[in-house]
Structure formats: C-alpha cells, structure tokens
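*Asks:* I need the structure of the sequence given here:
(5 chains, ligands or ions: 4)
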Amino acid sequence: MNMLTEAAVEKALDHKMSNVPYKMIGKDVSVYYGEKRALFDVNLNIRENTVTALIGPSGCGKSTFLRSLNRMNDTIDGCRVTGKITLDTDDIYDPDIDVVELRARVGMVFQKPNPFPKTIYENVSYGPRIHGLAKSKADLDQIVETSLQRAGLWNEVKDRVHESGTGLSGGQQQRLCIARAVAVSPEVILMDEPCSALDPIATAKVEELIHELRENYTIVIVTHSMQQAARVSQRTAMFHLGNLVEENDTDKMFTNPDDPRTQDYIMGRFG
Amino acid sequence: MNMLTEAAVEKALDHKMSNVPYKMIGKDVSVYYGEKRALFDVNLNIRENTVTALIGPSGCGKSTFLRSLNRMNDTIDGCRVTGKITLDTDDIYDPDIDVVELRARVGMVFQKPNPFPKTIYENVSYGPRIHGLAKSKADLDQIVETSLQRAGLWNEVKDRVHESGTGLSGGQQQRLCIARAVAVSPEVILMDEPCSALDPIATAKVEELIHELRENYTIVIVTHSMQQAARVSQRTAMFHLGNLVEENDTDKMFTNPDDPRTQDYIMGRFG
Amino acid sequence: MSTSIILLCLVVIGAAAYLVARSRATALAGGRSSALHSRPAYYGAYAAIWAVLPALIVLCVWLSVSPGIIQSSVRSAFPADVKAQASVEQDLGYSMVATVARGLTMLTSDEAAAVANDPAALQAKLLEKGVPLAGQPQPYMVDAAKTLNAKSMTSRLAMTAIVFILAVSGAFYALRSIAPRFRARNRVERVMLWGLLLASSIAILTTIGIVLSMLSEAARFFAVVPAADFFFGTVWDPRFAGAGSSSFGQFGLIPLLLGTVYIGLVAMLVAVPVGLFAAIYMAEYASPKVRGVAKPLLEVLAGIPTIVYGFFALVTVGPFLRDFSAQISGLLSGSYSNFIQAQSVLTAGIVMGIMLIPYVSSLSDDIITAVPRALRDGSLGLGATRSETIKKVVLPAALPGIVGALLMTASRAIGETMIVVLAAGVAARIQINPFEPMTTVTVKIVNQLTGDLEFTSPQTLVAFALGITLFCITLCLNIYALYIVRKYREQYE
Amino acid sequence: AVARDQIQVAGSSTVLPYAKIVAESFGETFTNFKTPVVESGGTGAGLKEFCKGVGEDTIDIANASRPINKNEAEACKAAGVTDIQEVKIGYDGIVFATDASNPDVAYVPADIYKALAAQVVVDGKLVANPYKKWSEVNPKLPAVDIAAYIPGEKHGTREVFEQNVLAAGCKASGAIDVIAKEISDKAAQGKACVAVRKDGVAVDIDGDYPETLARIAANKTGVGVFGLSFYENNADKLKVASVNGIVPSTETIANGTYPVSRPLFFYVKKAHLGAVPGLKEYVNFFVSDQMIGPDGPLVEYGLVAAPDAEREAIRKDVEAGKSM
Amino acid sequence: MTDIVSPASVTVSKAPPRRDIGIKRRYAAERRFQAYGIAAITFGLVFLFILLWTVIGKGYTAFQQTAITLPIEFSEKTIDPNNKRATDPSVLIAANYPVLLRDAIVKQLNINAASRPDVRDASAMLSKSAPIQLRDMVMSDPSIIGKTVNVTVLADANVDSANKGQIDLSVDEKNRKVNDKQVGWMNELKASGALHKQFNTGLFVNGNSSRPEAAGLGVALIGSLYLMLIVLVLSLPIGVAASIYLEEFAPKNKLTDLIEVNINNLAAVPSIVYGLLGLSVFINFIGLPRSASLVGGLVLTLMTLPTIIIATRAALRAVPPSIRAAALGLGASKMQMVFHHVLPLAMPGILTGTIIGLAHALGETAPLLLIGMVAFVANAPTTPLDPSTALPVQVYMWANEAERAFVERTSGAIIVLLLFLIVMNMGAILLRRRFERRW
Ligand SMILES: Nc1ncnc2c1ncn2[C@@H]1O[C@H](COP(=O)(O)OP(=O)(O)OP(=O)(O)O)[C@@H](O)[C@H]1O
Ligand SMILES: Nc1ncnc2c1ncn2[C@@H]1O[C@H](COP(=O)(O)OP(=O)(O)OP(=O)(O)O)[C@@H](O)[C@H]1O
Ligand SMILES: [Mg+2]
Ligand SMILES: [Mg+2]
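*Replies:* Ligands and ions are numbered 1, 2, ... in the order given. Purely as a prediction, here's the structure:
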C-alpha cells in the first residue's frame, strides 16, 4: 500500500547504516518519576544525519526517553535521570553543560500542539529571536517564511501571520509548532508524534520535511504509525514497558526483527 | 497490507447500507465563527448503528461539523449554526431541546486528551454520577471497570485508579477520555481523532471497541488515517474547505469515489 | 412563634419536601434512572425550593412591612391631643409605647394587674425587669402598648399561618408536578442562575447607592461653588468654616488630583516590580516549601492596619530618608542639608507600595501558576532560558489576569488615606519634586468629612464632590484599561 | 426598630476623651443604664447626625469643640430638631510646645505671626514671608529653623489659633495697618492677616496630637500646637512655651490671662430627654461638680474648668431645660 | 543488535561549529532575573520583619500589667453604716469603696493619714477601676462585709508605665506623671511583693475604658469577629456567585463590559465612601441601628466584594477551556460544569482574593467612622445589632490617646489584630494549598 516516495527511494540507497557516526549516545539511561521507574537501563545511540524512530505501545517510555535527550525532564518535579547521555562528545547531564544551549542544539516538537498564545509570526520568530539568530527584521521574516514553508503551513497562513496561533485548527497548530522548532535550526530535532494531529496531506509534507532535514540534521521521532516509522526512518528502536527491546535498521526491523516481541508488535497489529 | 480484522469481515457483510434508517440528519448546516464561515450548507445524514467517518484535509471543518452534532459549538463565543440537525425526530437546535440531555445522548471524545485533574476513577465515574446511571457504589465501580476495559486501559491503571488522571502518558490520557465518554453509554458517540495519540495496540483496541459499540450505538469519527476510516467505518464523508465533497459507503468511497477531489485526496497520498 | 423557629420549621419542611420528592422521583423511575429527565436529587431540590422560597419571601416582606402598618394603626388610636402634636413628637411617644409594650410582655398577669393603673409603679416595675423608661408613661401609652401587643400577636399569628400554608402548598404543588420527563434540573438551575444574577447585580446596586448617596450633597456644593472653579482650580485652600466666618476659600481639584496620581504612581513603581518579581519567583523558581511560607507571609502585609504603616512612615521611613538625603548632599556638596523632606511623595509612595506588594504578588502568583505547563515546555524546548520563557511566554499569557490584579492594586493606592496623611502630609500643592509633600483626593475626602467644619458649608460638601469626581475619573481609567486588555489579550487553551 | 436603651453620642474628637470619662463613670454609677456609646468623627459629622432628625434612630447628643452655627441650627430646624440645649462643659487650652530638650521659649503673638504668616511686612511693604530662622523674627529667639506643626484646616483649633494668635499678632506687629492700606476689602484684610505660609515651614496636621508629637520627635526643633490635656500627659517629652509671658495652665487659662483657649460644648436633643432612658441622668451627671468641677476627673485629664459661677449657671440652665 | 553497540564501530560525530547564541549574556540575564525575584521577596519580607519588630518591640509589654495586692478591710462602717442593705440593696452600689482602698494603701505604706497630699498620692497609685472591682465583690457576696481579704487590684496606668520603665525618671518631677514619693512607694511595694506584674487578661476581656490600665479589646474582638463572620458569610458566596455569573453565564456584551468596568471601579472607591453608602442605605434607609457590627459587616462586605470578584474572575478565566469542553461533552449542564470542575480548579485564586479581601476589611477604619463604629463602647455586644467597635478602630482610637500607657496598648492591639489576621487566614491558606495543582 505504500507508494514509493522519494524519501523511501533514497532510504533504500542507504547501505552502510552501521558506519554512520553517533550523534548521541545513551548509556544505561534510567528515568524515575518520583518512586516510579519509567525507563530501565536503556542503551540507545542516535546516528548522525539519520532519522531514528521510537516505537512501542502507549506508556512504554518513548516520550520519556525522548525528553531525556534534551533534558526536558528537568522541568518535571521529581523526575530523575541516571546513566549517561552524550551529544557529540559532551555529556549532557554534566553539571557544566548548559541546558539552554543543549536545547537550542536539540530541538523538540511535542505530542500536543502547544502554540504560544501569540501571533503566528511571533510563535515562529520566538526561537530565532531569543537566540539572536537573525541579524535584521528582513532576516527574521525570511526565517519565519522558510520555516513555515518547510512545515507546509506557509500557503495557509501567509495572509494572517499576524493573527493568533491559537486560532488555527489542531493540525495547523501542530505544524506551527514544527515550524517553530525548525526555525532555530537545531542539530537534533526530537519529535514526539508530530503527525498525530495531522491529516495525510500535511503529514506527507512533514515527512518530506523530515526527509529534507535529515541531510543536515539528526532526527528522533516517536510515532505510533508503523508505516510512518517505515517511511521516514533509517533506524528504529522498539520500547516495551520501559525497556529497549530492539534497535535496528528500519528495513530489518520491519522485515526480520531479532526480538519476538518486536515481531509480535509489528506483525500482530498495524497502524 | 491491511489484515482482515473481524471488523473488516463483518463490514464486508453489510450490504444494504442505504436501507439503514437515519439517526441524525443534517440539513443545510452552515457554521460561522464570527464573520468567518467554516461550513457551507452541509447536508449529511448519520445512519443508525453505523460508523460514519469524516475525512478531509486539516482545517476543512470536520471538527466543526462534529461539534455541531451535539451543540458543543454553543460554547464557543461568536459561533453560529444555521440549518437543521435532527436526532431521531428531535430538532437539536430547537430552543425547547435540553442541550444537557442532548449531550448525554450524543457523547464526545476530543482531539486533544483533556482529562479532569482528578483521579482516574473520578474521571470515569463523573458522567455516570451526574446522570445517575449507577445505583450503588459497586455498580459505579463496575461501570468504571468496564469502561476502562473497553478503552483498553484497565490493565495499565487498575492499581492506580485513585491516582491523578493527568499523570498518565498522552496515549493513556486519551484512552481515559474515551473510557469517560463510553461510561455514560450515549446513543451516538462523536470521536474527534480519538486515536491520533494512540499506539497501534491501543488503536486496535479502540477500533475493536468502536466495532463492538456499533451494534448498539451510532458512531461518528473524524480521522486522518484513511486506513482507519476504511477499517472502522461503513460510511465515509469527505470534507474540503468547509464543503461536503462526497458521502458514500466506505467501500465505494475508497475504491471508486464519485468526486474527483475525493479521488485525489485518497489516492494522491496515504496515511 | 419566633422568627427563628419559623425559619427552622421552613428548613424542616424544605428538607421533608426534598426527601419526599426525591423518593417519589426514584419510584417513578421504577429503578431505571434513565427514565427520569434529571437526577432524583434535582426533583428533591425543586420541591424544596417551592416549599421554602415563596414562604421565605413572604416572611421577609411581612417582617419588614408589618411593624409600619401596626404602628400607623396604633397611632391612629392615640388621643386627639397627642395627635395634635408634631409628628416627630408622636414618633418619640410611640417609641415609648413600644418600650412599654416590650416591658409588658415580661410581666406576669398578676404583676400587670398590680401596676395597671399606676404609671409610676409601672415604670419602677419595668426598671426592675431591665426595661428602663425615660419617664413616666402616660395612661394613653399603656393602652396603646396593650393594643400594640395585641396587634403584633395577631400579625404574627397570621404571618405564621400564611407562611406555613405557603410552604406546604408549595411543596405539594412541586410534588404534583413531578413526572419522569419533568425538567427538574433545568428549573433548579434556573433558580440558581437567578441567584447568581442577583449576586452580580449587587455590584450595580452598590454603584447606584454610592452615586446616589453622594449626588445630592455634591449638587449642593456645586450650587455654591462654580464647577469651573472646582475642576480647573489650581489652589486648594478651603478656609475653616466654623462658627462665625461665612467666607470660604478656594477648592481647586487639580493639586489633589496631581498628588493622587503622583503618589499612586510612586506606590505602583514600588509595588509592581517587587510584587511581580516576587510572584514570578514564587510561581516559577521557589520550591513549594519556600512558596508555602513566603506567600502567606507577604499576605500579612496586606492585613496590617494602614495606621501602622502611617506611623511607620512618620517615625521611621520619613526621617530616615531625610537624614539619608542630608548625608548624600553632604558627601556631594559638603552642605548637610536634606533635599528629601520627612514628609514627601516618596515616603508615602514607598510605604504604600510595601502595603500593596501582596496585592500584586499573590494574585499574580495564582495567575502565573495557572498558565499551562505545555506553554512552558514549548518555550523551554526551543532552548529558551527560564527567564526568557517567563518574560516572553508565561507573562503575556497571564497578562489579562495580571492587569486585573494591577488595576486592583492601583485602585487600592488611590483609595488609601492614612498612609498619605502621615507620610505625605495634607498640604495640597502643585509641584513635581517627589521629595516634597503633596496630598491626595482621598485624604481630603476623609478630612473634610471628619473635621470640626460646619456640615452645611462647602468645606464639608466638597468631600462629596471630590468623591463623585474621583469615581468618574477612575471609571474612565478602568474603561480604558479594559479596552487595552481586550486588545492585547492572549487566550490559551 | 427596637426601642433604644442606650444613649448615643457623637461629635468632636477633642471632647471625646472627656465624654468617655463621663460615660464610663455614668455606666458605673447608674447600673440600671447601659454605658453610653460615644462616637468620634468630628464636630461637623456629629452635628450632621444630630441634625438628621428626631427619633429612635438618631443620636441624642452631639459633642462640639465650637458652638453650633446658624446654618447648622437652621438645618437642624428643617429636619425637625427644634429644641436643642447647649451645654458648655469647660475650656480647652491650646499650647505651643517643643521637644523637651530645647531651651525655654517665650513667644508673643507677633513672633508667631511673623514666623508663620504667608505675607509679612518688611520695610513697610507686604512681601512673601522671607524668614527662615526664629532669630530673624525676633533676635531673642533661638537661631533654629522655623518649623511649626499647626492644626489642619479641618480642626476647630485652627480657627482659634488664627483668631487668637495670628490675628492678634497681625495687629500687634502693626502689619494690619499696612494690609489695610494695600487691601481695601474688610473681609480680605482679615483673611490676609490669618493666611499661613505654604512653603513647607508651617505644616498642617490633620491627624491628632500624637501625630504632632511624632513629628516633633522626628524634628526636635519644631514647634507644635497641642491641647493642654495632651501636653500635660506628655510633659516629660515636651516643653511648653509661654505666650505673652504667661505659662499655660488650668489656672492661667481659667482666669483668662493665657490668651489661647476655647470653650467646649455638647448639644442635647430635648425631645429625646423624655424618650431615651438615662439621657436626663447623663446630662445632669455630666454637669455635676463631680465631673466638671475643679477636682473632677475631667480637669485631672486636662479640661480647664469653667469658673464656679459659670458652672452654677450651666447647671441651672440644664435644670431649667433652657433651649437655644 | 550487537553490531550496533560493538565498540569497534562506535564513531562519535564531530560537533559542528558552535553557534553564538549569547549564552553568557543570557545566563547573566537569567541570574539577574532570579536575583530580582529573590530581592523582591526579601524586600517584602524585610519590611514585614521591620514592621513586626517595631510593633512587637513596642507592644509586647502590653500583655503584662502591674497589679498591687492589698489586704482590704471590708468594713461595715464604710460600706453600710446604717445597716440597710437587707431592705435596700442599692446602698451597696452607692457605698464609698474608694475609702476602703485608701485606708488599705495608707496602712500598707504606713503613711500619716492626716497628710492629705500623701494620702492622695498614695490613692492615685491604684486604678480608678479598683472601687468597681470591690463593689462587684461585695455585690456578689455581701457576706464579705466585715472581713479583711487580700485583693489584687490594678495599679494606676502611670505606675504601670513607671514600673515598666516607660517613664523617664530623670525628668523633673513636675513634668512627669509619677512623683518621686510614688516611685519610692512603688519600690517599697515591689520589695514586699505586693506590687508585681501579671498577665494582662483585661486586655482581652475588658471593653474600652478611659483608664488605660482597665482598657481592653474585648468589645473590639467580639466586634471584629462579628464583622469578619458577616463579611465572610456574605462576600465569599456573593462574590463567587457574581463572578461565576459574569464569567461563565453572562452574555458577552456591552452590559457585562459595563459591569466588569464597574466592579473594577468599585475597587478604587475610597473606603470612607462605603461608609457614606452604609450610612445612607443601611442606617437611614433601612433603619438598622448605629454602631452595630451588622452594619459594619455589610459595609465591609460591599467594600470587599470587588476584591473577591476580581480575583475570582481571574482565577476562573485561568481554568483551561478544555476542561469545560470535557465536562460539557459528557452531558454535564453548565451549572454542573462550573461547580464540579471549574470552581475547584479556580479555588486557589478565589481563596487568595478572600484572604486579601478579608485582610483589608479587617484592618479598615475609615468606613466604620461614619456608621458610628469608631466609638467608645464599654459594654460587650451580645448580638451583631449591639453597638461595638473593631480592632483597627481600637488601634486608631488608642493611637490618638494622650496617656503614655496607651502607646504600648496600641502596639499590643496591633499584635492582637495581626494574630487575629493570621488565625483567620490560616484556614484559607491551608485550603488553598490543598487545591493548588499544576496541569
Ligand atoms: N474557535 C474558532 N474560532 C475561529 N475559527 C475557528 C475556530 N475553530 C476552528 N476555526 C476555523 O474553522 C476552520 C475549520 O476548523 P476545524 O477545527 O473544524 O478543522 P478540522 O477539519 O477539524 O481540522 P483538523 O483536522 O486540523 O483538526 C479552520 O479554518 C479553523 O481555522
Ligand atoms: N509526569 C509524570 N509523572 C509520573 N509518571 C509519568 C509522568 N509522565 C509519564 N509517566 C509514566 O511513565 C511511563 C512512560 O510514559 P511516556 O509518556 O514516556 O509513555 P509513551 O511511550 O510516550 O506513551 P504514549 O505513546 O501514550 O505517549 C507511563 O507509565 C506514564 O504513566
Ligand atoms: Mg508519549
Ligand atoms: Mg479537528
């Protein structure tokens, strides 16, 4: 049923996945919410300029792992991370590391669309502005426009970039959030089910965007859709009950997984 | 790529869709948000004990139409509905109609999970409680358990039904919302992308639930997943830019749609 | 029956109606509660409302109207020579009658008989019972007192009967109308809605009351002093108007208005940054423990009587600022002369600002806390620091609420008297130096109302004119603020 | 409303302490009656309530630190309060005092006039007051900055101060003649004589004497205007100034040698005498020598008792029910 | 799976060139920002501390009071010389109790009874309320007549002040309220243990008095209690109801805008104007009695309402719409939605408004001025219709008294007021903490 998209074609050309260097390395990562342990010694490495998909049943800890990659877990009271995660060569949980810089390098798109109650323009320009990425107003306009275009939203909102972002429909809001994250041009982009609120056309646009971005960025995406994972990712990691069950090349994962649980999950039901 | 689920088999046995009586009739329904018109004279009837899927690109007015079916639009300032919508024989926009009763008969699950900041138990038992559906505490416990089971959440939360519903993961929260809606046992259930935040297993559970419910209930579901629409619905309606493009048996819709736009939408991309 | 017993009975009847109606509804439903339109409790409430509300209204009306009616009928039976007196004297006579009547109910019949024809003995007897009389009651008064007692008794009996009949028939009416499809909930909620409406109408009534209670006196002021002199006058110098002197001075509003604005501004300059930063810190940075302690502590500042602040300004802050300024000017120029007066706009502003801190901090803290976490996450996820998140996302989202809090704070600053009196003095002057004394409209309202001034003179009446004017000015400011808030409001979900 | 069994008094805060003492003793002596309620709030406000009308829901007595004036009496009459009895209870002495650490001071009204008037005569011409130090006014006075804390315009004391000190000083210093030359209008002349400078040297105090005391504590060289009773209670902190060489005391004020004092009054609604229990007794009790006599508690507190004959006359008037 | 983790293949990406995103500057801003926050809180707390320090420092002595224990001979000759008390109880009321006290202190100090000034000075050391105390003793138990009993009576306020060191004894004798002889006697009595300090119960139970040593806050406490009860019972439900109506039910139109502006405006009305309103509406129009705490409560209610309404509306507005939608979608009526979900979530804000509103109302004097509550009231009120005062009124009135002993009592009264405030707010604060949550 999959049509062979451009992305899929290119992915088929990726032979030497295992030679790609690691952008982020997670070693024995465990996460606790207060007393409750949500992740158990996860060892998962993220390859550079690669799309890594995290799959697994609801509540298995995908979001939790994702959030620990840019220390968004810091903001949750009582959340504790053990183990070691590195970005390039920096230990991101090192007290010396700067979480702001980290998050500027590792951007994030959330599960629930959360546009700021500001205009569309302000939403997108927010990141560049705080990081001082634009030199001039024209520069900023340019960034906003490109980002919105990349998120496939430009045509719909170009006439009303100065209206409130919360007045958009659910799908539009999520694309706005993607545009907002992209506008900062991070090295790694974490996406927590970015398409769950999007219709197929918008989804395809985002997937295309992901594909485009992959050339320069490292992307980690949580998704519930096996097809989406298959379409966009080169590597897939499967979580279950807080454990990393398997991590593999996406092709292998969806055709011949090592772990029987993966097999069950992928073959037993489909998205 | 679709596996033939039980639901799909049964659906295949539904021959005489066109003979099923209408549960809800929408005639010339237009919706305005202030000055902005979001729906243009939509004529769409909902058949009894049938799953009707609403599809269409983001922002086309699916949610808007859905919300007008149980007058949730009333709660938006400046939102105005014209035309006529009936439930059984009652005009639901008749001033005499009791919207509370209407909403108890036409339940709703929202796009973004919105559990009450109360315990899981209180979340689910709230509806039955205000509608007096349980005679005793045991009764209520029973309803809560069944509802959570139907939403495929029981096993995950049975030990912590008295903890806060907002502490659940995104997917769990959405299933909680479904359980909450189901607990009231409405006649019609409106679902606005109920699975957009769910993983395949949970999605399958919900789809199964939808299938189960269909025997006694009428269901309208907004979805971005063509597969989901194809799997769960008997009728499908396609919206575009606020217009109803086409409404048809799902089989026909996905194989041989009447309208070229539907064709484009369905065949041009996939979910 | 005493009113409280009647009320108690009403409660009982209401409760009974509630229970009966509820069980009747349950019975009607035959166990299937879905057959009912509303929950049984709503049927109960419906019946209870019918049982209690009409009866209660009648009771209140009766209680407030009947004494007047009884009084006039008793007075109509006064002897002709008494009736010939001025009505105020009759009023006083009647109050004596009422006292005697009250006393008579305390006497046993024997005692009553013993003193029946002897007013002096009656007075002594009543005094013994703890009902002192101002003088000897006249014979007609005793008769009138007896009539009064009789009539009150009849009235009370009638009232009790009617109230009970109303309550019971109301309950029955409600019970009869119970049917499965009967929309009890909607009815009950309609009553509740009326209740809510009534509550919000109190604000309107208060306004009307305030305006009315000042209007006629303000009009009398403007009859004497030309409005233009008042509104555009730049000198405030009302001469003392006690006995003798009939001349009065100038009533220029402008210096007072400027003082109000100036002092309020300084106060806000202290309260808003401090309050907002405190709120932000408590909401965003502080641990729950720190917040749990700091917030109530700061709230204590709002509860300290303003006279305490006033003396604090007078005794501590004012002299401190004065000496401090002397030190500074000494260091700078060598001459130790203070450039800050002990009483000054600055002193009043600072001290008032301190009082206002909790108005800003506590309210804003609640509002900031209520901003959904998703918005914060969105910003933090983009690499914003916490302060950037707060400044650029959280505060704008919380803005409408914060503006509301600030408006209230400003309002409180305008309405404060005691601090200004003691910290900035009462001298009405036009000047721009914050180190000099000035005074406010409110101070003058209070002072003109509570002085030894002649109450019919413009010196006193000007208080009402000031009140109305201040009211109108703040109204305009509020309208403008509402407009601004509407314009910049950011609604989150 | 229920018949009232408690006397209600309102009015001047100067009279309040005396009325309080009387009310308290009254409650203790006449155990049948409740202790009267004595409101403070100023003579104007008290008289306003007093003149609201006759009846249960109006007050019985208004305390006043000045006599009721014509307009007020008319307003009273219009509201039906026609029968008012005026009762003088004694005199309030008004004194000038500085912090106790200062040397003794003696003023004559002319000094005070020159120090505090808005305009003074310099070289035969009216000019805005140029004086900054007391010694400039009168070389015999100390060379400290002039700073005076005088009653605000809401106080009755202010009028007394203006009449007995400023106007007198105006006349004594001869300024009145210059003013009369420059201003023809008679009323305006009077006004010019008593106008107080507004450059911050003379500070109006609208609060009570404790505020003045606090201001003097903060500015030790300042001069404040106090009631005699307040001064006597704080004699350890204050130093009183003599005026015209006379040191204020109950004696000098009673015999009239000290120039600055004023009578205190209360007004009774005669219609209430027969209606409010205890009112008659209260009035009689108030004017008895036990209270306002030279050995009474009021004098001990600081009231200047009226001379014997005057007190006798007051009592007689009360007995006779003489109304205004 | 193993091939991935095998160390041989682990090559770590090279970090791209760092962008300059102004980290240093931004962190400095962050630290500054936090420092502002801490500074703000510290600023507030420091001033609170200074205020409390000055108040408590001045006022704590008010909770102790000097008393003198004297053997008093209740001689029948003085109290009831003609032995008529059986037939005419009023002789006991009119009896000359001061003489009993005078005799007792003269005897205690061994003063020559013939020296009038000495006797007067000695008697002046006892409170003027002591005779009333003796009278009450005799009235309640006439059999005491003829006996000699040790009675502890209050010392005069000046003695009290001197005993606490508040009167500068170095000042010239003429200029202070206690003379050297009295100081000598004081020391003598202190040495013998007759003069001692005790806890000042009277401060909490007595009504107001013109004698500082006997003046208490009893009436004011009851009055404030009534006031606060009335304000709480009326303003909280009415304020919340009004806010609910305006925020959740009222159609959004010009009229509701007007009401909103109007309510904001009411917050700016000087409190004394509410006094004017109360005077003309509750006293003159409705005919409620003057000086009654009921009227005061109503006036303060009107004054507090805007505060509560504004806070409540802000809190209601802060509840996310999705919660409302969820409730409505389940078939809850709007009423149910409000009362089951929105209101509990808005509770912290509502309680804050209540706390601040009540705190304001508790400390307010000006509106009470015109309705007769700023008054001398000696008898404790039994109902809210009786004349009474309030704590801030007592503070205000005592602050204006001339006697030295009222200075510490003023501060004492403020301390009591603050305790009252804290006790009153405690409940609300605990409740608020329970309702607070983040989502
Ligand atoms: N509250 C509102 N006020 C104004 N316009 C609105 C509002 N809600 C929706 N709209 C507009 O109405 C149109 C239809 O919105 P709707 O939410 O029905 O789309 P949808 O089909 O559900 O989209 P999605 O699949 O993204 O949820 C959109 O253009 C949207 O911007
Ligand atoms: N803030 C929190 N406090 C406590 N427990 C949490 C919190 N967030 C998540 N959890 C728990 O941690 C576990 C993992 O949650 P997580 O959100 O990572 O799941 P997920 O895989 O993203 O699920 P979904 O696909 O439904 O979003 C779940 O059991 C969840 O209940
Ligand atoms: Mg998740
Ligand atoms: Mg939608």
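
*Asks:* Flag the shaky bits of the chain, pLDDT-wise.
*Replies:* Chain wasn't specified; assuming chain A. Across chain A, residues meeting the criterion (pLDDT under 70) sit at A:1-18, A:170, A:197, A:199, A:267-271.

*Asks:* not quite, I wanted chain C
*Replies:* Applying pLDDT under 70 to chain C flags the ranges C:1, C:31-34, C:130, C:134, C:240-248, C:488-493.

*Asks:* Relative to residue E:129, how far out is residue C:7?
*Replies:* In this structure, residue C:7 and residue E:129 are separated by 42 Å, where distance is defined by CB to CB, to the nearest Å. Where you see a C-beta, it was placed from the backbone N, CA and C, and this is true even at glycine.

*Asks:* Those two: which is more packed in?
*Replies:* When neighbours are counted by other CB atoms under 10 Å in any protein chain shown, residue C:7 and residue E:129 differ, and residue E:129 comes out ahead with 20 against 15.

*Asks:* Quick check: the gap between that one and residue E:93.
*Replies:* 15 Å.

*Asks:* Ok, residue D:193 next?
*Replies:* 56 Å.

*Asks:* Can you name the helix or strand that residue C:413 falls in?
*Replies:* According to DSSP states H and E, residue C:413 maps onto helix C:395-415.

*Asks:* give the contact list for the residue of the stretch 151-300 of chain D found nearest chain B.
*Replies:* Residue of the stretch 151-300 of chain D nearest chain B, by CB to the nearest CB: residue D:206 (50.4 Å). By CB atoms under 8 Å, 6 or more residues apart in numbering or on different chains, the contact list for residue D:206 reads C:421, C:426, C:443, C:447, C:451, D:152-155.

*Asks:* Give me the phi and psi for the closest residue in space to it that isn't next to it in sequence.
*Replies:* With CB to CB, 6 or more residues apart in numbering or on different chains as the criterion, residue D:206 has its nearest non-adjacent residue at 3.6 Å, and that residue is residue D:152. Recorded main-chain torsions at residue D:152 are phi -70, psi 170, according to degrees, to the nearest 10.

*Asks:* What's the local residue count around residue D:152?
*Replies:* Per other CB under 10 Å, the neighbour tally for residue D:152 reads 21.

*Asks:* pretty sure residue A:181 is touching residue A:108, no?
*Replies:* Yes. Under the criterion of CB atoms under 8 Å, residue A:181 is in contact with residue A:108, at a separation of 6.3 Å.

*Asks:* and for these two, which residues touch both?
*Replies:* Between them, residue A:181 and residue A:108 share the neighbouring residues A:189, C:381-382, with contact defined by CB under 8 Å, 6+ apart.

*Asks:* burial count for residue A:251?
*Replies:* The burial metric for residue A:251, expressed as a neighbour count using other CB under 10 Å, is 17.

*Asks:* Buried residues in the helix or strand harbouring it, which are they?
*Replies:* Assessed by DSSP H and E, residue A:251 sits inside helix A:250-255. Buried residues in helix A:250-255, counted by 16 or more other CB atoms under 10 Å in any protein chain shown: A:250-251, A:253-254.

*Asks:* which other helices and strands contact it?
*Replies:* Here helix A:250-255 touches helix A:226-232, strand A:235-240, helix A:260-268, going by 3 or more CB pairs under 8 Å, 6 or more residues apart in numbering or on different chains; DSSP states H and E.
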